[in-house]
Structures are given as structure tokens and as C-alpha cells.
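Novice: Whatever this is, show me its structure:
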Amino acid sequence: MRRWIAGAVAVSALAVATPAFAQAKPADPVAALKKQFVAGQGVKFAERTSIKVGDESYTQADRQGVIGFDAKGIAGAENTRTPILTPEERARLKKMAAKDASIADSVDLLTERIYLVSVGRRMYVNGGLYSTLVPENKSWVGMTGSPSSAAYGDQLINAFEPATLKYLLATKKTVSGAQYRGSVTFAELYKLSPTFREQIAVKPTGKPAKTVISWRLTLDARKLVKRLAISWSMKVTKKVTLNATTESRYTEWGTAVNVTAPPSDQVSDIKDLTKKAPEPPAAIDRNYVSVPPDDDGNTP
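Specialist: I've put the predicted structure just below:
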């Protein structure tokens, strides 16, 4: 009887202990990200950017779109970006437009939504300043880009680059549950991230290279990126500083995504347009943004 009791106790103890041994090892965020690299699948995102110059709020912008993956990473992206002028900035521009009629068109362009599409090595833009350049029988301006071009410009950190995500998590300064905090300089991010190199075009040197991007990253239960918020500032003049914040939220991981380029007969290449064409948008001013061609695009 004693042997039976001892055996039962041992079995009971093993049964209690087994769940602890059977628990799966917490997913590694980088490994979890790579598992999402499946052709035809992707993630939705919504984004809010605010820019403040000196003591005045200058503008805001909202983005909504999708990012699609393939086995290697980002395969394409598309989104609409809606500029939102502050009441003060809008009033100032209207006052200027009342004195100079030509400025009125500029106000419309500054408040026009833009549609951005990137796939392969090309990016396509519809709306905003580029709409003044294309012939009447065209709707899009095409330019050299990358599969991720359309998704970045406001958000400076591409957390869907495995090496970038790994670096952020490895250099984090604080962490609370599924939330991580840290910072990275322009110089560090330029060396690390192909997306950032594309955005700013020129290697940062001197003071700009030391510009610090503070970031906050939140992961969901599957260790996938749920939220990425950044803030950074840069001197414009000795007395004026530009401050920018961007918050990106990512939802519906695994959603079906199929990004395609606009019809070729609707595209004008940037190289074929007038020499007065604006430069392809870069980190700060790549933010014209877009709407489908059948939408007038003007925001209230």
C-alpha cells in the first residue's frame, strides 16, 4: 500500500509539473516577423504625423494603407496620405492667397490627399504637386523607388526590416511588458536601414548625423509589431527647431494584400517631365500624398 501511495504521489507531482515543461518558449519578435513573409499576405497600417516648427504647430498628416510581403520581406505598399493644416496655418495661407491669387492653388495642393504605390523598384504618385506636372491624359508620376517606398517618409523607422528590428530590441533602454523604448541616431539608422538611406538620399554628417530618434515599440500577443511611435527634432536655424512625431499602428497581420502598379499608359516618368519638376520627396517633404485619380482629394 505504501508503494502504491508513493507511486501515486510521484505521478501527481509529474502531472502538475508537466505543463511548466510543456510551455512553449516565448516567440522571438524577429522570427515572428519573418514567419509573416508570405507572398500575397501583409498588414494594414494607420499613421498620424505631427510637425511643429518653433512654438507653432505647422501641419499634421494621416496615412492609411497596406504593406504586402513576399518570402524576402516587403514586396509592395500603397496608401493615402491626407495633410491636415492647423487652423492657424490655414488662416495664414488664406490671408496670403487673398493678396496673391497664385498662392491659392498652392493652398489647394498642400491640402490635397495623395495616393502612393510602390512595387518592385518603382514608386508611383498621384495627386499633390505632381498633379501639376502630368499631361492631361496621365494620372501618375513614376520614379525609381523600392517595394517599401510608399509606406515610409513620415515614419522613419522600418520595423519590418529584420536587421533593424533586431537592432532596436538589442539596444532598447527600457522595457515594460510588451512595450520597448530606446533611441537611435540618424547616423546609426543610415548605416543599418536601406529604407532610411532611401528616404534621406544623402548620408548625414555633422550635427544632422547626431540627430536622435526616440522610439517606442509595442508588440502584440504573437510578438508582432502593433505600434511604433517616434519623435525627433532638428535645428532649422539657430533659433528655430523642427519637432516631428509619428505614431504608426499595424493591424490585421496576415490579411490578403496584392499591390499592383498603375496601368503603364497612365504613368509619366519623372525623368520625362519638365525640369521644373520637384525632386522625388525625401524624408520630411516626401509627404505630399495621395488619392485615387477619381477623387478630387481636397480635405476640409
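Novice: all strands of the protein, in order?
Specialist: Ranges of strands in the chain, per DSSP state E, are 41-53, 56-70, 73-85, 114-119, 122-126, 140-144, 174-176, 179-185, 212-219, 225-235, 241-256, 267-269.
Novice: Any chance of TSV for those strands, columns distance to P162, mean neighbour count and mean pLDDT?
Specialist: Yep, even glycine has a C-beta here, placed from its N, CA and C like the rest. Output for the strands of the chain, formatted as TSV (distance: least, Cβ to Cβ, whole Å; neighbours: other Cβ atoms under 10 Å; pLDDT from 0 to 100):
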stretch	distance to P162	mean neighbour count	mean pLDDT
strand 41-53	15	19	94
strand 56-70	12	19	89
strand 73-85	7	22	93
strand 114-119	19	26	96
strand 122-126	22	25	95
strand 140-144	24	21	93
strand 174-176	19	10	88
strand 179-185	16	18	96
strand 212-219	14	18	97
strand 225-235	12	18	96
strand 241-256	15	16	96
strand 267-269	32	17	92
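Novice: OK, contacts around A229?
Specialist: Neighbour list for A229: W215, R216, T245, T246, E247, S248 [criterion: Cβ atoms under 8 Å, 6 or more residues apart in numbering].
Novice: Who is it paired with across the strands?
Specialist: A229 forms beta bridges with R216, E247, as assigned by DSSP bridges.
Novice: What separation do you get for it and T245?
Specialist: Distance, A229 to T245, using Cβ to Cβ, to the nearest Å: 7 Å.
Novice: same check, this time on G145
Specialist: Taken as Cβ to Cβ, the span from G145 to T245 is 25 Å.
Novice: next one: P147
Specialist: 26 Å.
Novice: what does K173 give?
Specialist: Relative to T245, and taking Cβ to Cβ, K173 is found at 18 Å.
Novice: One more: Y115?
Specialist: The spacing between Y115 and T245, counted by Cβ to Cβ, is 24 Å.
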